[in-house]
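> need the 3D shape of this:
(one chain, ligands or ions: 1)
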Amino acid sequence: MRCDVLVIGGGPTGCMAASVLSPALSTVVLEEHPCIGEPVQCAGLVTPRVVEMVSAQGTVLNRIEGACVHFPGGRTLVLDGEGTKAVVVDRGEFDRHCAVLAKKAGAELWTGCRGLSVGRRDGEFQTRLSEGSVGSRAILVADGHRSRMAKAMGMGMPSEMVRGIEVDLRLRAEDQRRVRVFLGRNVAPGFFAWAIPCGDLTRVGLCVSPGHGTPYRFLEALLEREGWQEAERARVYSGAIPIGHLPRTYADGLLLAGDAAGMAKPLSGGGLFTGMTAGRLAGEVLGKAFQRNDLSARSLSAYQERWEGVFGRELRDSLRVRQAFVRMEDKDLDRMGGRLDRESVRKVLSTGDIDFPTTLAPALLKAAPALLAVSPALLLRLMRG
Ligand SMILES: Cc1cc2nc3c(=O)[nH]c(=O)nc-3n(C[C@H](O)[C@H](O)[C@H](O)COP(=O)(O)OP(=O)(O)OC[C@H]3O[C@@H](n4cnc5c(N)ncnc54)[C@H](O)[C@@H]3O)c2cc1C
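Prediction:
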């Protein structure tokens, strides 16, 4: 068997790339699981622009307009956006929708088929599969956070992996328009916990950074504290989020995108916007490279330039903010909560875009100059860009 482009990983990143590749190219998407979209490892909270990218309005479960942020000392910061700031999607359905788009564009989906190792012969890749092998002129590695392929091909690994757990409770949240965010070392060390209203279900989850053991005990503690322990658990799922993108995401005939390249947003852990944007750009750059018949690293470097142009700075800035965040003790978080809990600051925060959170820095600092005390060097750096 041989094809022009082999996409390893049938998640949203891989399927997005396959959906923009020309039908004139033969494209195969490998997915190790028998069904696309299973198992789910995601809260499904994205900006409306992610849904628009693939016209997946049919997968939306709820619309979110604001947030309640609970600080460790007891303060709650209530933020109200104007209109829809985020939507909750049914992630399984969303993935299947993306796979249908890839198929419509002419890609073949090989489900239940795992890529095991990749070699190179006479300028072509030979990928060993769980059954047989496949040759290809190019490969897009989009095999998620573990990315055995990126590691095996010597492209490196993201610098940090946070572990997450989530449960869908059969519980209707009173407030269907705001997500709840919980901060604190005893709640979710190195990250945060969330409760997302989805109609008759409430999706409660959290992540913890490495060195804090399993996230499970933190979830149980949160459920108990919030009085949710007895609620029926419709589904429990766990996973990991790679933080810190790979410095180089291209090589001869090869591109990496999405979680495989550590593209999740360092502050929220969301990876659908960045992964799918990168997937689209990877597809476009590969398409042009085939037209020129030039799949060299130099030709494919346009991919890195293009995704960096969209969200490279945001990833870098968010990573710096995250580094400051993980060093904060509960008392620092409470102090920051106090500085943010003013009408003028809440107004600024309510205009935020969860795909580009650090772009708020200049307006925030103007509304609350006292924030400079939290981390002067960091804030000045964000202002300078
Ligand atoms: C608890 C949790 C909550 C999250 N919540 C959100 C959220 O609310 N919003 C958001 O935007 N993001 C969220 N994320 C992150 C989001 O799930 C990922 O960023 C996103 O799935 C990345 O998409 P991807 O296509 O790059 O990788 P994946 O979705 O992981 O897809 C990769 C696919 O490749 C397959 N695969 C792996 N290895 C091989 C192989 N060797 N051969 C064949 N197939 C292979 C896998 O089975 C998988 O289907 C969350 C993550 C976690 C863990």
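> every contact and neighbour count from this point should use C-alpha atoms.
Noted.
> can you confirm Arg346 is in a strand?
No: assessed with DSSP: H, G, I helix; E, B strand; the rest coil, Arg346 is helix; it does not lie in a strand.
> contacting residues around it?
Val78, Leu79, Leu340 (CA atoms under 8 Å, 6 or more residues apart in numbering).
> for the first one, list each beta-bridge partner.
On the basis of DSSP bridges, Val78 takes part in beta bridges with Cys68.
> my read: it touches Asp175, true?
No: counting by CA atoms under 8 Å, Val78 does not reach Asp175; the two are 12.0 Å apart.
> so between the two, which is more surrounded?
Val78 (15 against 12; other CA atoms under 10 Å).
> who's in contact with that one?
Residues in contact with Val78 (CA under 8 Å, 6+ apart) are Gly66, Ala67, Cys68, Val69, Arg346.
> how about those residues in JSON lines, adding pLDDT?
JSON lines is the format used below for the contacts of Val78 (pLDDT from 0 to 100):
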{"residue": "Gly66", "pLDDT": "95"}
{"residue": "Ala67", "pLDDT": "96"}
{"residue": "Cys68", "pLDDT": "97"}
{"residue": "Val69", "pLDDT": "97"}
{"residue": "Arg346", "pLDDT": "93"}
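> what subset of the residues you listed is buried?
Taking 16 or more other CA atoms under 10 Å as the criterion, what is buried in the contacts of Val78 is Gly66, Ala67, Cys68, Val69, Arg346.
> what about the closest residue to Lys85 other than its chain neighbours, how many neighbours?
Closest residue to Lys85 apart from its sequence neighbours, by CA to CA, 6 or more residues apart in numbering: Glu65 at 5.1 Å. When neighbours are defined as other CA under 10 Å, Glu65 has 18 of them.
> phi, psi of Glu65?
Per-residue torsions, Glu65: phi -110, psi -20 (degrees, to the nearest 10).
> I'd say it and Ala86 touch.
Yes: contact criterion CA under 8 Å: Glu65 and Ala86 qualify, at 6.8 Å.
> ok, back up a step: out of the buried ones among the contacts of Val78, which is nearest to the ligand?
Nearest to the ligand among those, counting by CA to the nearest ligand atom, is Ala67 at 14.0 Å.
> against Val181, how distant is the closest one?
Counting by CA to CA, to the nearest Å, the gap from Ala67 to Val181 is 7 Å.
> residues from the stretch 101-250 of the chain in reach of the ligand?
Selection of the stretch 101-250 of the chain residues close to the ligand by CA under 6 Å from any ligand atom yields 113-116, 142-145, 164-166, 238-241.
> from these, keep the buried residues only.
Using 16+ other CA under 10 Å, the buried ones in these are 113-115, 142-145, 164-166, 238-241.
> can you lay out the residues you listed as JSON lines showing secondary structure and pLDDT?
JSON lines is the format used below for those (DSSP: H, G, I helix; E, B strand; the rest coil; pLDDT from 0 to 100):
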{"residue": "Cys113", "secondary structure": "coil", "pLDDT": "97"}
{"residue": "Arg114", "secondary structure": "coil", "pLDDT": "96"}
{"residue": "Gly115", "secondary structure": "strand", "pLDDT": "96"}
{"residue": "Ala142", "secondary structure": "coil", "pLDDT": "98"}
{"residue": "Asp143", "secondary structure": "coil", "pLDDT": "96"}
{"residue": "Gly144", "secondary structure": "coil", "pLDDT": "96"}
{"residue": "His145", "secondary structure": "coil", "pLDDT": "94"}
{"residue": "Gly164", "secondary structure": "strand", "pLDDT": "97"}
{"residue": "Ile165", "secondary structure": "strand", "pLDDT": "97"}
{"residue": "Glu166", "secondary structure": "strand", "pLDDT": "97"}
{"residue": "Ser238", "secondary structure": "strand", "pLDDT": "93"}
{"residue": "Gly239", "secondary structure": "strand", "pLDDT": "95"}
{"residue": "Ala240", "secondary structure": "strand", "pLDDT": "96"}
{"residue": "Ile241", "secondary structure": "strand", "pLDDT": "97"}
